[in-house]
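*Asks:* Model the structure of this input:
(one chain, ligands or ions: 2)
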Amino acid sequence: MEINQWVDELFEVFDVDKDGVINRREFVELIDCLLQDKGIRMCETIFHRFDSNHDNSISKAELKEMVIELAL
Ligand SMILES: [Ca+2]
Ligand SMILES: [Ca+2]
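*Replies:* Residues are numbered from 1 along each chain as shown. Ligands and ions are numbered 1, 2, ... in the order given. Okay, the predicted model is just below:
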């Protein structure tokens, strides 16, 4: 998935009030989703996005990629 498309999807999901920006409350939800296994669809998407070798787990290297890419 191309990065801008990925960002668009993240934004679409987490800009809950659709005001075009991610506020702190929305950001907390985003990070909450990214960092916890809540089983919602977006988490699945995130998981598959960063499980580069598709072994159904996130290795330290893959997590590093995620942190770099998402600038966490
Ligand atoms: Ca918003
Ligand atoms: Ca993996």
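*Asks:* Next SSE downstream of the helix or strand of the chain with the lowest mean pLDDT?
*Replies:* Across the helices and strands of the chain, the lowest-confidence element by mean pLDDT, DSSP states H and E is helix 41-50, at a mean of 74. Using DSSP states H and E, the helix or strand that directly follows helix 41-50 along the chain is helix 60-70.
*Asks:* Just the CA atoms of that following helix, as PDB, please.
*Replies:* Extracted in PDB, the C-alpha atoms of helix 60-70 (Å, rounded to 0.1, in the frame of the first residue of the first chain):
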ATOM      1  CA  LYS A  60      11.300  -6.200  16.600                       C
ATOM      2  CA  ALA A  61      12.500  -5.300  13.200                       C
ATOM      3  CA  GLU A  62       8.900  -4.900  12.000                       C
ATOM      4  CA  LEU A  63       8.000  -2.900  15.000                       C
ATOM      5  CA  LYS A  64      11.000  -0.700  14.300                       C
ATOM      6  CA  GLU A  65       9.800  -0.100  10.800                       C
ATOM      7  CA  MET A  66       6.300   0.800  12.100                       C
ATOM      8  CA  VAL A  67       7.800   3.300  14.600                       C
ATOM      9  CA  ILE A  68       9.900   4.900  12.000                       C
ATOM     10  CA  GLU A  69       7.100   5.000   9.400                       C
ATOM     11  CA  LEU A  70       4.500   6.300  11.800                       C
END
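*Asks:* If you count contacts, what does it end up packed against?
*Replies:* With contacts defined as 3 or more Cβ pairs under 8 Å, 6 or more residues apart in numbering; DSSP states H and E, the secondary structure elements packing on helix 60-70 are helix 41-50. Using the backbone N, CA and C atoms, a C-beta is placed for each residue, glycine as well.
*Asks:* quick one, the least confident helix or strand of the chain and helix 60-70 angle?
*Replies:* When axes from the mean of the first three to the mean of the last three Cα atoms, to 10 degrees is applied, the directions of helix 41-50 and helix 60-70 differ by 110 degrees.
*Asks:* Does helix 41-50 reach ligand 2?
*Replies:* No: Helix 41-50 does not reach ligand 2 (Cβ under 5 Å from the ion); its nearest approach is 7.9 Å.
*Asks:* ok, F11 - how many residues close by?
*Replies:* For F11, the tally of surrounding residues (other Cβ atoms under 10 Å) stands at 15.
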